[in-house]
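Engineer: Prediction below, plus the sequence it came from.
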Amino acid sequence: MIQSLVFHSNSELLEGPVFDEENNYLYFVSILDYLIYFYNPLTKEILSIQLDSPVSCIFILGRKKVLAASKNGFFEVDFSTLKKQFVFQIDIANSVRYNDGIKDAVGRFIIGTMGFPEVQENLGKVFSYHEGQFKTIIENTTISNGLAFSPDHKLLYFIDTPTKKVAKYSYDLRSGAVEFESNVIEFKGAGRPDGMCVDNEGMLWIAEWGGGCVSQWNPFNGLRLKELKLPCINVTSCCFDNHSNLYVTTAKSESEKDMYGGGLFYIELNKI
């Protein structure tokens, strides 16, 4: 396993890495800097576009084109022209912002909210937006974080970070309806589950805030399979590239020894 630091600036909170497998690009955000980043792994080019409010996650629309979720609404961002355009907003309270999101196989945008600037218990929700309509699919969340679909899209996994659990929902791809089934993973250590992704075998890879690692879990029996340590305490999210290697985002911490928090890492699990 080879680990490298891809990007590091003065970011307080890097989040939401998403890999465009068709075009071989990576996108991620710096939430509190209102920045969306584009990274080309082949040329090492990094571009950024700033919005006017905290930006939490992106959804890929096409080549160098994404939909970015910010507190003030969803914007189409084109990294070919470096232009941005407001598209829509969901009816959310002033006291919340968006957090993690994911797109389902038919194009619905699934996205959670959390209290902002102060986290408030049970203030968050998870929404589904499609073709101009939105609905609430999960209620009474506190810090809506990781969202991941099983490979067959019949299950939606969801993390509400303070619970230290991963919940499993049945997912109806035709209607977009979800139904809670059970909690499948519980964290007992110092780390709290944040963002996550799923591999081809249906195993979950979960970034641990306060745990300094990405851990791999089997959602069918709740067992922790693997741990990938990083040189910073707050690990926020992760995603796979075309080679089944991991991009990992991190955040700053209060530790004076934490030199790399707020950096983007690449972990080679497989040879390219």
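Structural biologist: Okay, I see it.
Engineer: ok, residue 194 to residue 246 distance?
Structural biologist: 14 Å (CB to CB, to the nearest Å). Yep, even glycine has a C-beta here, placed from its N, CA and C like the rest.
Engineer: Give me the residue at the spatial middle of this structure.
Structural biologist: residue 16 (3.6 Å; CA atoms, centre = their mean).
Engineer: what about that residue, which helix or strand?
Structural biologist: In the assignment (DSSP states H and E), residue 16 maps to strand 14-20.
Engineer: who has more neighbours, residue 194 and residue 246?
Structural biologist: Taking other CB atoms under 10 Å, residue 194 and residue 246 do not tie; residue 194 has more neighbours (28 against 25).
Engineer: Stretch 60-77: end-to-end distance?
Structural biologist: One end of stretch 60-77 to the other measures 10 Å (CA to CA, to the nearest Å).
Engineer: Number the residues from 40 up from this point.
Structural biologist: Got it, first residue is 40 now, which makes that one stretch 99-116.
Engineer: which residues sit against that stretch?
Structural biologist: By CB atoms under 8 Å, 6 or more residues apart in numbering, the residues outside stretch 99-116 that reach it are 57, 59, 61-62, 64, 66, 68, 73, 75, 77, 88, 90-98, 117-119, 122-129, 136-137, 140, 142, 148, 150, 155.
Engineer: ok, back up a step: how about whichever helix or strand comes after the strand holding residue 55 as PDB, C-alpha atoms only?
Structural biologist: Sequence-wise, the next helix or strand downstream of strand 53-59 (DSSP H and E) is strand 64-69. Below are the C-alpha coordinates for strand 64-69, written out as PDB (Å, rounded to 0.1, in the frame of the first residue of the first chain):
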ATOM      1  CA  TYR A  64     -11.300  13.300 -13.100                       C
ATOM      2  CA  LEU A  65     -11.700  13.900  -9.300                       C
ATOM      3  CA  TYR A  66     -13.800  16.500  -7.700                       C
ATOM      4  CA  PHE A  67     -13.900  17.500  -4.000                       C
ATOM      5  CA  VAL A  68     -14.900  20.600  -1.900                       C
ATOM      6  CA  SER A  69     -13.600  22.800   0.800                       C
END
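Engineer: Report all helices and strands that strand 64-69 contacts.
Structural biologist: Judged by 3 or more CB pairs under 8 Å, 6 or more residues apart in numbering; DSSP states H and E, strand 64-69 is in contact with strand 53-59, strand 74-78, strand 94-101, strand 285-290.
Engineer: of those, which approaches residue 193 most closely?
Structural biologist: Smallest distance to residue 193 across the helices and strands packed on strand 64-69 (CB to CB): 21.0 Å, for strand 94-101.
Engineer: Run the angle between the closest one and strand 53-59 for me.
Structural biologist: 10 degrees (axes from the mean of the first three to the mean of the last three CA atoms, to 10 degrees).
Engineer: average model confidence for strand 94-101?
Structural biologist: Strand 94-101 shows a mean pLDDT of 97 in the predicted model.
Engineer: and that strand, which strands flank it?
Structural biologist: strand 104-109 (antiparallel) (DSSP bridges).
Engineer: Quick check: buried residues in the partner strand?
Structural biologist: 105-109 (16 or more other CB atoms under 10 Å).
Engineer: just stretch 183-190 next, same as before
Structural biologist: 183-188.
Engineer: Stretch 268-285 now?
Structural biologist: Buried, per 16+ other CB under 10 Å, within stretch 268-285: 269, 271-280, 284-285.
Engineer: try stretch 204-218
Structural biologist: Neighbour count says stretch 204-218 has 204-208, 210, 215, 217 buried, by 16+ other CB under 10 Å.
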